[in-house]
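Undergrad: Sequence below, structure please.
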Amino acid sequence: MKFELLVTLILFILLFLKLGNKEWKNESLLSVVNMLLLVNLIAGFFMNQDGELFSGMFRTNLTVEFEKNILNAGTLIISLQATQWLKNHKHLLEFYMLLLSTLIGMFFMISSGNLLMFYLGLELSTIPLAAMSNFDLEKRQSSEAAMKMIMSSAFSSGILLFGISIVYGTTGTLNLSELSAHLDGSPLQLFAFILLFTGFAFKMSAVPFHLWTADVYEGSPVPVTSYLSVISKGAIIFVFVSVLYTTFKTLAETWYHVLSLTAVLTMIIGNLFAIRQNNLKRFLAFSSIAQVGFILIGVSGSSQLGTASVIYFILIYIFSNLGAFGVVALVSAVTGKENTDDYKGFYKTNPMLSWVLTISLFSLAGIPPTAGFFGKLFLLTAGAAKGNYLLITIAALNMIISLYYYLNIVKAMFMDKNEQPIEKIYGGTTSNLALLICVAGIIIIGFIPQIYEYIYSISTGM
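TA: Predicted coordinates for the structure are as follows:
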């Protein structure tokens, strides 16, 4: 439990700073927090051990440890990007306490060897997220986002619990490693699987359970939206793959068709609605929904390649999405502007930020030579293992559609004229460092084959 204990230790340090008599400046607190998160990330690569605790309810292995390190890296980048927003916020420490609480929940969720442990981790990660969504305290839209999130989470959790209760009633166990031996494909068990799948689909924002996503993304502060889109989504996808490939492997023929249909609907709806968006946070919300469709195609491969391609894509997706959100967060914090039309002529005043956003959008679109191209290539390769070439063709056509709305943003920045473009923005050292890390990740990861080879070597399939 090294990862969980380290984050808990950081949480207690921040609590002592909050309760102490000394008044800390926000700049000093941000430096302390970012340093602690950096130490946490570095420590995650050393002294890791495989094993189980609490009679198998908590488990860890190389794959789990790597997934947690990915989340640690994403959390550090988001913290660096949030500097401009948090440096004048009077509840800075409370924000990080909530953020670290939800991160601990995600760690327990990823390491869960029991459905009840998974549910406890899920709730621990979700409830603080709702409070974080409401962290723009003076904005009514932020309160609305938090309310929508907590309501949708309550419904999805109820559906998930109902499915878990039926699984226990029909099998007599909640241990993930033992469940597969008790699944016989009876109608009641298939119904339980559909309920569980629905709960996961809500958290992943898969169609048709995506309706909360755009409103919550738009109303939340940009750093919280970033966290929702990459860290929260990445964690639930990691668990989803593990549960499908271990617990429900005996029902693979059934869930393959459910997964394929959901992937097609998610890609098409996500792309079509992304085209219509003018607010960049809503735009990136529907973009992230479409990305889930591609991820589900990789998951449908139900193989070691499927696991590896999903983990590899999430790693790339974190750098790509955070690169885009980093620019949006910086512009929003300084100017309050978040609409596509505001970015017309953006290149004239902010050439570096324009290139960062462009490279990030190219990676999200899967344009070579960015890492996003390789990520989607491996996902489609994993999905093609089943021989469903119609599914791969639909995915390829959706990639073409996505080019339109991604390049539309690039066109606005570089080609459209604006008499009053956004003024020159100075992000500060930490924000610029975060953007530099994202761009480096987007460009470098695809050209270092050892990264994918390592992920493949630690992955498990069916």
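Undergrad: Can you report how many residues lie near residue 185?
TA: Residues contacting residue 185 under the criterion other CB atoms under 10 Å number 11. All C-beta spots, glycine's among them, are computed from the backbone N, C-alpha and C.
Undergrad: Where does it sit: helix, strand or coil?
TA: Per DSSP: H, G, I helix; E, B strand; the rest coil, the secondary structure class of residue 185 is coil.
Undergrad: Then residue 47?
TA: Classification of residue 47 by three-state DSSP places it in coil.
Undergrad: okay, now it: neighbour count?
TA: For residue 47, which is what you asked about, the neighbour count (other CB under 10 Å) is 7.
Undergrad: Contacts only, for it.
TA: residue 2 (CB atoms under 8 Å, 6 or more residues apart in numbering).
Undergrad: Now it: phi and psi?
TA: Residue 47 adopts backbone torsions of phi 60, psi 40, taken as degrees, to the nearest 10.
Undergrad: What segments of the stretch 1-150 of the chain are strands?
TA: With DSSP state E, counting those that start in this stretch as the criterion, the stretch 1-150 of the chain has strands at 51-53, 58-60.
Undergrad: Turn the ones you listed into TSV, including distance to residue 402.
TA: Supplementary listing: those in TSV, determined by distance: least, CB to CB, whole Å:
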stretch	distance to residue 402
strand 51-53	42
strand 58-60	36
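Undergrad: Make TSV out of the ones you listed and add mean pLDDT.
TA: Output for the strands of the stretch 1-150 of the chain, formatted as TSV (pLDDT from 0 to 100):
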stretch	mean pLDDT
strand 51-53	82
strand 58-60	88
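Undergrad: Pick the most buried one from the ones you listed.
TA: Relative to the other members of these, strand 58-60 carries the highest mean neighbour count by mean count of other CB atoms under 10 Å, namely a mean of 20.
Undergrad: just checking, what packs against that strand?
TA: If contacts are counted by 3 or more CB pairs under 8 Å, 6 or more residues apart in numbering; DSSP states H and E, strand 58-60 sits against strand 51-53.
Undergrad: Run through the chain and note the low-pLDDT ranges.
TA: Screening the chain residue by residue with the criterion pLDDT under 70, one finds the ranges 21, 461-462.
Undergrad: on that earlier part again, nearest to residue 362, of the strands of the stretch 1-150 of the chain?
TA: When these are ranked by proximity to residue 362, the top entry is strand 58-60, at 35.7 Å, counting by CB to CB.
Undergrad: who touches stretch 24-39?
TA: Identification of contacts with stretch 24-39 by CB under 8 Å, 6+ apart yields 10, 13-14, 17, 72, 75-76, 79-80, 83, 86-89, 92-93, 96, 430.
Undergrad: Only whichever of these are buried, select them in ChimeraX.
TA: Those of those that meet the burial criterion (16 or more other CB atoms under 10 Å) are gathered into one ChimeraX selection, given here:
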select :10,14,17,72,75,76,79,80,83,86,87,89,92,93,96,430
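Undergrad: Using PDB, write out every CA atom in stretch 384-403.
TA: What follows is stretch 384-403, C-alpha atoms only, in PDB (Å, rounded to 0.1, in the frame of the first residue of the first chain):
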ATOM      1  CA  ALA A 384      -9.200  -5.900 -35.300                       C
ATOM      2  CA  ALA A 385      -8.000  -9.100 -33.600                       C
ATOM      3  CA  LYS A 386     -11.700 -10.200 -33.500                       C
ATOM      4  CA  GLY A 387     -12.000  -9.800 -37.300                       C
ATOM      5  CA  ASN A 388     -14.800  -7.300 -37.000                       C
ATOM      6  CA  TYR A 389     -13.600  -5.000 -39.800                       C
ATOM      7  CA  LEU A 390     -16.900  -3.100 -40.000                       C
ATOM      8  CA  LEU A 391     -16.100  -1.800 -36.500                       C
ATOM      9  CA  ILE A 392     -12.600  -0.800 -37.500                       C
ATOM     10  CA  THR A 393     -14.000   1.000 -40.700                       C
ATOM     11  CA  ILE A 394     -16.500   2.900 -38.600                       C
ATOM     12  CA  ALA A 395     -13.700   4.000 -36.200                       C
ATOM     13  CA  ALA A 396     -11.500   5.100 -39.200                       C
ATOM     14  CA  LEU A 397     -14.400   7.200 -40.600                       C
ATOM     15  CA  ASN A 398     -14.900   8.800 -37.200                       C
ATOM     16  CA  MET A 399     -11.300   9.700 -37.000                       C
ATOM     17  CA  ILE A 400     -11.800  11.600 -40.300                       C
ATOM     18  CA  ILE A 401     -14.800  13.400 -38.900                       C
ATOM     19  CA  SER A 402     -12.800  14.400 -35.800                       C
ATOM     20  CA  LEU A 403     -10.200  16.000 -38.000                       C
END
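Undergrad: Buried ones in that stretch, by neighbour count?
TA: By neighbour count, and taking 16+ other CB under 10 Å as the criterion, the buried residues in stretch 384-403 are 384, 386, 388, 391-392, 394-395, 398-399, 401-402.
Undergrad: same check, this time on stretch 363-378
TA: Residues of stretch 363-378 classed as buried: 363-367, 370-376, 378 (neighbour count, 16+ other CB under 10 Å).
Undergrad: do stretch 332-350 as well
TA: Going by neighbour count (16+ other CB under 10 Å), the buried part of stretch 332-350 is 332-334, 338, 340, 342-347, 350.
Undergrad: Give me the subset of the residues you listed lying in helices.
TA: 332-334, 346-347 (DSSP state H).
Undergrad: Now for the residues you listed: which two are most distant?
TA: Comparing every pair within those by CB to CB identifies 333 and 347 as the most remote, at 20.0 Å.
Undergrad: Between the buried residues of stretch 363-378, which sits nearest residue 293?
TA: Of all these, residue 293 sits closest to residue 376, with 11.0 Å by CB to CB.
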